[in-house]
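Peer 1: pasting a predicted model and its sequence here:
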Amino acid sequence: MLCVGLDPDQQKFPLSLQGQANAIFTFCRYIVDATADLVCAFKPQIAYFASARAEDQLEKLISYIHRHYPHIPVILDAKRGDIGSTASQYAIEAFERYQADAVTVNPYMGFDSMEPYLSYAGKGVIVLCRTSNPGGSDIQFLPTTDGSGEVMSVYERVAKSAATKWNTNGQMCLVVGATFPEEIAKVREIVGDMPLLIPGIGAQGGDVQATVKAGRNKNLMINSSRAILYASQGEDFAEAARKEALKTRDAINRAR
């Protein structure tokens, strides 16, 4: 159930990689090779690549994962959300340019902003639902009503829609943060066995045991990024990342 997030911050790289032309790819490749036997997915965060003008290294990294670990899906963490015509271009970016197996999307603009991604058969569309950041409650907890008079919070409404009317081909998953296990349980109650991507353990402080229990030990991708990537900033960074990933994987399995 462990998903390793790939958020390459060059300021935290070991000295041997500082200033190298392909440092981001090299760093991430070492992490991938060190942890591949421990994970269910890898999740590169596009902003860390784009801000460093390293989109070509992201393409190279995803190609490397597919070539060497074809059984491990790659989730492009992009959180895209725009009108349908623009969303079509973002879908091309995610699934044709980068060849990702799934992409995270923002549902704020409604179903038509997500629909273009669903035209790619076999690709995952992972919808932000209850996010792990403190400010998520500003909007996600607001009450809503529908024609039946049913009152639900925004995140519960997103969960219900993603599990029913939006999920036309069974491609949707949800993002639900580990920092809010009670909300994980509520979402699980709404969506049944739908897969959940759960960020927030490790550096963000989410509790592994509470997360697994709330998710009913079903179809969970529990993500850790910084705690694994930067377990050491020295030359032993890959070995340290493996040790942290192994510790996290074992903690998840104990909680099961």
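Peer 2: The structure has been received and is ready for your questions.

Peer 1: number of nearby residues for residue 127?
Peer 2: Other residues within reach of residue 127, judged by other C-beta atoms under 10 Å, total 22. C-beta coordinates here come from the backbone N, C-alpha and C atoms, glycine included.

Peer 1: how about it, phi and psi?
Peer 2: With angles defined as degrees, to the nearest 10, residue 127 sits at phi -90, psi 130.

Peer 1: one more: residue 174?
Peer 2: When read as degrees, to the nearest 10, the backbone of residue 174 gives phi -130, psi 150.

Peer 1: that one: what's it in contact with?
Peer 2: Taking C-beta atoms under 8 Å, 6 or more residues apart in numbering as the criterion, residue 174 is in contact with 126-129, 158-159, 162, 187, 191, 194-197.

Peer 1: in JSON lines, list those residues along with secondary structure.
Peer 2: Below are the contacts of residue 174 laid out as JSON lines (DSSP: H, G, I helix; E, B strand; the rest coil):
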{"residue": "126", "secondary structure": "strand"}
{"residue": "127", "secondary structure": "strand"}
{"residue": "128", "secondary structure": "strand"}
{"residue": "129", "secondary structure": "strand"}
{"residue": "158", "secondary structure": "helix"}
{"residue": "159", "secondary structure": "helix"}
{"residue": "162", "secondary structure": "helix"}
{"residue": "187", "secondary structure": "helix"}
{"residue": "191", "secondary structure": "helix"}
{"residue": "194", "secondary structure": "coil"}
{"residue": "195", "secondary structure": "coil"}
{"residue": "196", "secondary structure": "strand"}
{"residue": "197", "secondary structure": "strand"}
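
Peer 1: by neighbour count, which of those wins?
Peer 2: Result: residue 129 is most packed of the contacts of residue 174 (other C-beta under 10 Å), 28 neighbours.

Peer 1: quick check, pLDDT for that one.
Peer 2: Taken from the predicted model, the pLDDT recorded for residue 129 is 96.

Peer 1: do I have it right that it meets residue 176?
Peer 2: Yes - Residue 129 is within contact range of residue 176, at 5.3 Å (criterion: C-beta atoms under 8 Å).

Peer 1: need the residues touching each of these two.
Peer 2: Shared between the contact lists of residue 129 and residue 176 (criterion: C-beta under 8 Å, 6+ apart) are residues residue 187.

Peer 1: so what pLDDT did residue 203 get?
Peer 2: Residue 203 is assigned 64 on the pLDDT scale.

Peer 1: same check, this time on residue 217
Peer 2: On the pLDDT scale, residue 217 is placed at 88.

Peer 1: can I take it that it is in a strand?
Peer 2: No - under the criterion used here (three-state DSSP), residue 217 is coil, not part of a strand.

Peer 1: the closest residue to it other than its chain neighbours: what's it in contact with?
Peer 2: Distance criterion C-beta to C-beta, 6 or more residues apart in numbering; nearest residue to residue 217, sequence neighbours excluded, is residue 256 at 5.1 Å. Counting by C-beta under 8 Å, 6+ apart, residue 256 touches 1, 212, 217.
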